[in-house]
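Peer 1: build me a model from this:
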Amino acid sequence: MLTLAEEIALLALHDEDGSFIPLPEHALEFALTSSVIMELMLHARVDADLEQLMLVDSTPVGDDILDPVLVALERSQETYNAHRWIMVLAQEAEPLKRRVLDRLVARGVLRKEQQKFLWMLGRRRYPVIDGSEQREAKLRILNIILSDEVPDQRDVVLIALAKACSIIDSILTPRELRAAAPRIAQVARMDLVGQALITSLADMRDWGRWVGSPREKVWDQAPDTATGDAPD
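Peer 2: Got it, this is the predicted structure:
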């Protein structure tokens, strides 16, 4: 099974050329970090309410994306809400995105191509090799949005994140999007982290002003030595 972060990355890729679809600034970064927090919830490592994100079990999952966040949460001297953690972790979303894409390449879902241009600067694109994983995630979303099917927790968060960062706009036509808007909103409201992401996206203009960069990196280090820093 693909992780939520992997599914978000695949949904954000163009089917044809493997480039990322145009999204609001930082939206993909916020979606990826939110998906990591939700994945930890599904593994019963963290829990959240409107006031705080709580570490309930620091046992490593054995995942080089999830475990560094467990370390960061464990090292935090205070507990903050999901919105604040999303804001902080999103600042390190570039190494997170690299890990997610490299994992998809290692799984054989994507292949990496290097295109050279202008002073030998490289631009990586990640075309889908088979397409089945990407289609599977899209079909799950469509089946839920266009029916009265009761979604499971994993699909709820996937839809909430896809809605919040506007990925869903590339899955549905404008006409379908208008018709499905009430259903999408209904499903998205079922997920707390998705709601925290929507709040974070609304606050992105103030992101650099009040969050500040973590003093210790999360995803640039190996999982067994990774250290994290609490929000200021």
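Peer 1: in this structure, which spans are helices?
Peer 2: 4-11, 27-42, 66-75, 82-89, 93-106, 132-145, 153-164, 168-171, 174-188, 192-202, 207-210 (DSSP state H).
Peer 1: quick test: name the residue nearest the centre of this protein.
Peer 2: Closest to where the C-alpha atoms of the chain average out (Cα atoms, centre = their mean) is Leu32, at 1.8 Å.
Peer 1: re earlier: output the helices of the chain as CSV; include the columns distance to Lys217 and mean pLDDT.
Peer 2: Every residue, glycine included, has its C-beta placed from N, CA and C. Shown next, in CSV, are these (distance: least, Cβ to Cβ, whole Å; pLDDT from 0 to 100):
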stretch, distance to Lys217, mean pLDDT
helix 4-11, 18, 93
helix 27-42, 14, 89
helix 66-75, 9, 92
helix 82-89, 11, 82
helix 93-106, 7, 91
helix 132-145, 29, 88
helix 153-164, 24, 86
helix 168-171, 31, 87
helix 174-188, 31, 89
helix 192-202, 20, 65
helix 207-210, 18, 46
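Peer 1: return the residues in contact with the residue nearest to the centre of the chain.
Peer 2: For Leu32, the contacting residues are 5, 8-9, 90, 93, 96-97, 100, by Cβ atoms under 8 Å, 6 or more residues apart in numbering.
Peer 1: of all the residues you listed, which comes closest to Glu74?
Peer 2: Leu96 (18.4 Å; Cβ to Cβ).
Peer 1: hmm, Thr33 and that closest one touching each other?
Peer 2: Yes: contact criterion Cβ atoms under 8 Å: Leu96 and Thr33 qualify, at 6.7 Å.
Peer 1: who touches both of those two?
Peer 2: Between them, Leu96 and Thr33 share the contacting residues Leu89, judged by Cβ under 8 Å, 6+ apart.
Peer 1: between those two, point out the one with more neighbours.
Peer 2: Thr33 (28 against 24; other Cβ atoms under 10 Å).
Peer 1: quick check: closest non-adjacent residue to the more buried one.
Peer 2: Leu89 (4.1 Å; Cβ to Cβ, 6 or more residues apart in numbering).
Peer 1: same question for Val128.
Peer 2: Using Cβ to Cβ, 6+ apart, the nearest residue to Val128 is Gln134, at 5.2 Å.
Peer 1: so what's the one you found up against?
Peer 2: Residues near Gln134 by Cβ under 8 Å, 6+ apart: 10-11, 13, 15, 128.
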